[in-house]
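1. here is a sequence with its predicted model. Questions after.
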Amino acid sequence: MSSFWCAILSALGGYTLTSLYLLKNPHIRHKTKCMGFYGTRISHRGGCGDRIESTMEAFTHAISQGTLMLELDCHLTHDGHVVVSHDENLLRQTGHDITISSVSMQDLPLYKERLELTFYSGHYSSGSDRKFTLVEDVFRQFPEIPISIEIKENNSQLIEKVSELVKRYRREDITVWTSVSSRIMNKCRKTSEDFWNQKSIREFLIHFNVGLPNKVVLGLLPFVPLGESALQFYLPRIINRTFIPEKNILRNSLIVTLIEKVTMRKSLFKRVAARGIQVHLFVCNTDEDIRAAFEVGATGVMSDYPSLLSSYLLRSTQEE
């Protein structure tokens, strides 16, 4: 064998051994992250299966059911209030074809009496509270509850107002910023750099569901720094079964099956968690999906039904 190939094989062997060693001992190259909380039970949109999404009644009910973390989205009204809402256009939620940014807080319509769940087609929620609420009111009502807050739009004023609210209510250590956009996340970081110490990015295909598995296959994961303190993304099995995504590529069942095979690997989750990074899977609305998420190694499960999630975990504890 030529000296060239000997050198190549020696280099590959050394790289493989080093990668395996660092994979099992991530603390050698990377400081273990330590968030101020552990979000095992997370209520999506405040628990929108048990009560109307994003209302104060939903948040209060979720906490009463043992939720350890709330998830919500926000937008800015015309008069500058940060309101809790998943959509900017209110047609789906209220039946009125208007945008939040075009009306003042006092002119926001009520939610529909019955609202279909986005991640559980054919299932509806209802409740006595149909009013939109302010992010500030949620912060004030639940001062010690961690909240995952998604910035839905690239709006500097919105990001600045959320940052100011986080600081005013001293929630720096129990607020996770999320977005599907790296550009928005970078703007959030710059706006809140005086206290920024954690973040979560939902980049369903690009970041986790393709990027990290490839790094594992190539042996690169031990050498790559991960800035996130938490990762949140779909449990693939729900796609096309309880949730039809907007992206055409995800409407292909073969593509979704491939994504699940590549990404839902316990070894991958274990390596990420070893760095202190929490992994949250959503949106799990059946016992089977909750079980699948925990079995694959998720540190936290996000559900529309906080009562179902708590019941499942109680039964699991009793069975043990």
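-> Great, that's in hand. Residues are numbered from 1 along each chain as shown.
2. thinking I52 is in contact with G127, fair?
-> Yes. Between I52 and G127 there is a contact under Cβ atoms under 8 Å: 4.5 Å. Just so you know, the C-beta spots here come from the backbone N, C-alpha and C atoms, and that holds for glycine as well.
3. shared neighbours, the two?
-> A58 (Cβ atoms under 8 Å, 6 or more residues apart in numbering).
4. neighbour count for those two, which is higher?
-> I52 (26 against 18; other Cβ atoms under 10 Å).
5. so for stretch 165-178, mean pLDDT?
-> Averaging pLDDT along stretch 165-178 gives 93.
6. can you list the buried residues in that stretch?
-> L165, V166, Y169, R171, E172, I174, T175, V176, W177, T178 (16 or more other Cβ atoms under 10 Å).
7. any idea how far T317 is from the nearest residue to the fourth one once chain neighbours are set aside?
-> Same thing as R171. In space, and not counting its chain neighbours, R171 is closest to F139: 6.2 Å by Cβ to Cβ, 6 or more residues apart in numbering. Distance, F139 to T317, by Cβ to Cβ, to the nearest Å: 31 Å.
8. more crowded one of these two?
-> F139 (21 against 8).
9. what helix or strand is the more buried one located in?
-> helix 135-141 (DSSP states H and E).
10. end to end on stretch 174-189, go ahead and measure it.
-> Terminal residues of stretch 174-189 lie 15 Å apart, using Cα to Cα, to the nearest Å.
11. swap that for stretch 259-268, sorry
-> 14 Å.
12. tell me the mean pLDDT for it?
-> pLDDT averaged over stretch 259-268 gives 83.
13. flag every buried residue along it.
-> Those buried within stretch 259-268 under the rule 16+ other Cβ under 10 Å are I259, E260, V262, T263, M264, R265, L268.
14. cool, and stretch 157-167?
-> In stretch 157-167, residues buried by neighbour count (16+ other Cβ under 10 Å) are L158, I159, K161, V162, S163, L165, V166.
15. likewise for stretch 283-293?
-> Buried, per 16+ other Cβ under 10 Å, within stretch 283-293: V283, C284, N285, T286, D289, I290, A292, A293.
16. with stretch 112-119 instead?
-> In stretch 112-119, counting by 16+ other Cβ under 10 Å, buried: K112, L115, L117, T118, F119.
17. hmm, back to that, work out the gap between the helix holding F139 and the centre of the chain.
-> 20 Å (Cα atoms, centre = their mean, to the nearest Å).
18. with stretch 88-99 instead?
-> 24 Å.
19. can you check stretch 219-233 too?
-> The answer for stretch 219-233 is 15 Å, by Cα atoms, centre = their mean.
20. let's test this: mean pLDDT of the helix holding F139, rounded?
-> Rounded mean pLDDT across helix 135-141 is 98.
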